[in-house]
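Trainee: Here is the input, now give the coordinates:
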Amino acid sequence: MYFSKLFFSTEKSGMVEENHTMKNKFILTGFMDHPELKTLLFVVFFAIYLITMVGNLGLVILISKECRLHTPMYIFLGNLALLDSCCACAITPKMLKNFLSEDRMVSFCECMAHFYFLCTVETADCFLLASMAYDRYVAICSPLQYHIMMSKKLCIQMTIGAYIAGNLHSMINVGLLFRLAFCGSNQINHFYCDILPLYRLSCVDPYVNELILFISSGSIQIFTIGSVLISYLYILFTIFKMKSEEGRIKAFSTCASHFLSVSLFYGSLFFIYFRTDLLEERDQDVLAAILFTIVVPLLNPFIYSLRNKEVISVLRKILKIKSQKSLKQMTASVA
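Mentor: Model (predicted):
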């Protein structure tokens, strides 16, 4: 993912001089350029946070409670919603606290934990999106062999593999961050501890970190994006070959929501990381980070549930049962 090599001066590439004060705390300065907007931003992001948590956790509970939804497609969707909830929990509470507090300090260990958690979630997201693309490919291109090619056992293995890959990717890159030294500015122009701002603050050459990150992240991106694109190419060919217009519309509708989520997620990642001036700080990076850490987790439950007739049917069934129970309780209390 990372294509640029940063050349540091002799002072930065050598040992940290004694007169440098080592930094063990950082200041998150994202969104703080306009203090008059802090209250408005707090209200907006707090509302987004509540909707995100209710939407994603509601989808997780709905899928776990309804036996009809215990299929590979919905197992992947439930785990994606769970990861989106974790992403919101990792990012938003600290941001909301910074809007209300003058103390925006974050310790080095807290910063490492912050990035570890977020990196795990985003990496697992990549593998889950690729798994969901493969699931749709099998369902549309080989429907008669679906239960053989996409068994529940394989689905669980792919889900566990996504979590394992996320943790391994995070452990490698967070472990390498401990070899860096931060002795200059301690201000991170971001709303969370991302790895690129930390590289920019380092007074030790992070070339080894960049190389390992390039290899690991590049491998993950090539594999997952390639899986998604190949799956959807086969899906499109199959849809165009269908004789029934109703069948084409149904098949395309099934995949459109997933492809929209994938496009938003990877599009924002590409904007931040796939460029030649990687370590050059840009204001648009914060906006792109908002897209894949806050906006995508907000939209995912609506993208998948509102376009999914089965999820809506199950939700209506649950709401109907609850309303009937409430009505019976009211009738019994009156009697």
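
Trainee: going forward, measure contacts and count neighbours with C-alpha atoms only.
Mentor: Will do.

Trainee: For the stretch 151-300 of the chain, which residues score under the pLDDT cut-off?
Mentor: Applying pLDDT under 70 to the stretch 151-300 of the chain flags residues 247, 251, 254, 273-283.

Trainee: need the helices for it, in chain order.
Mentor: Taking DSSP state H, counting those that start in this stretch, the helices of the stretch 151-300 of the chain run over residues 152-177, 195-201, 207-241, 245-273, 284-290, 296-306.

Trainee: and of those, who's closest to residue 121?
Mentor: helix 152-177 (6.5 Å; C-alpha to C-alpha).

Trainee: Give me the distance from that closest one to the chain's centre.
Mentor: How far helix 152-177 lies from its chain's middle: 14 Å, per C-alpha atoms, centre = their mean, to the nearest Å.

Trainee: What of stretch 207-214?
Mentor: On C-alpha atoms, centre = their mean, the centre of stretch 207-214 falls 22 Å from the chain's centre.

Trainee: same thing with stretch 252-272?
Mentor: The answer for stretch 252-272 is 12 Å, by C-alpha atoms, centre = their mean.

Trainee: Check stretch 292-303 too.
Mentor: For stretch 292-303 - counting by C-alpha atoms, centre = their mean - the centre lies 9 Å from the chain centre.

Trainee: Residue 106: which of the helices of the stretch 151-300 of the chain is closest?
Mentor: Between residue 106 and the helices of the stretch 151-300 of the chain, the shortest gap by C-alpha to C-alpha is with helix 195-201, which sits at 12.7 Å.

Trainee: Show me which residues of that closest one are buried.
Mentor: Neighbour counts over helix 195-201 (16 or more other C-alpha atoms under 10 Å) mark 195-201 as buried.

Trainee: How about stretch 50-66?
Mentor: Judged by neighbour count using 16+ other C-alpha under 10 Å, the buried positions of stretch 50-66 are 51-53, 55-60, 62-63.

Trainee: In space, not sequence, find me the middle residue of this structure.
Mentor: residue 122 (4.1 Å; C-alpha atoms, centre = their mean).

Trainee: quick revisit: output the buried residues of helix 195-201 in JSON lines, with distance to residue 214 appended to each entry.
Mentor: Shown next, in JSON lines, are these (distance: C-alpha to C-alpha, whole Å):
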{"residue": "195", "distance to residue 214": "12"}
{"residue": "196", "distance to residue 214": "12"}
{"residue": "197", "distance to residue 214": "16"}
{"residue": "198", "distance to residue 214": "16"}
{"residue": "199", "distance to residue 214": "13"}
{"residue": "200", "distance to residue 214": "16"}
{"residue": "201", "distance to residue 214": "19"}
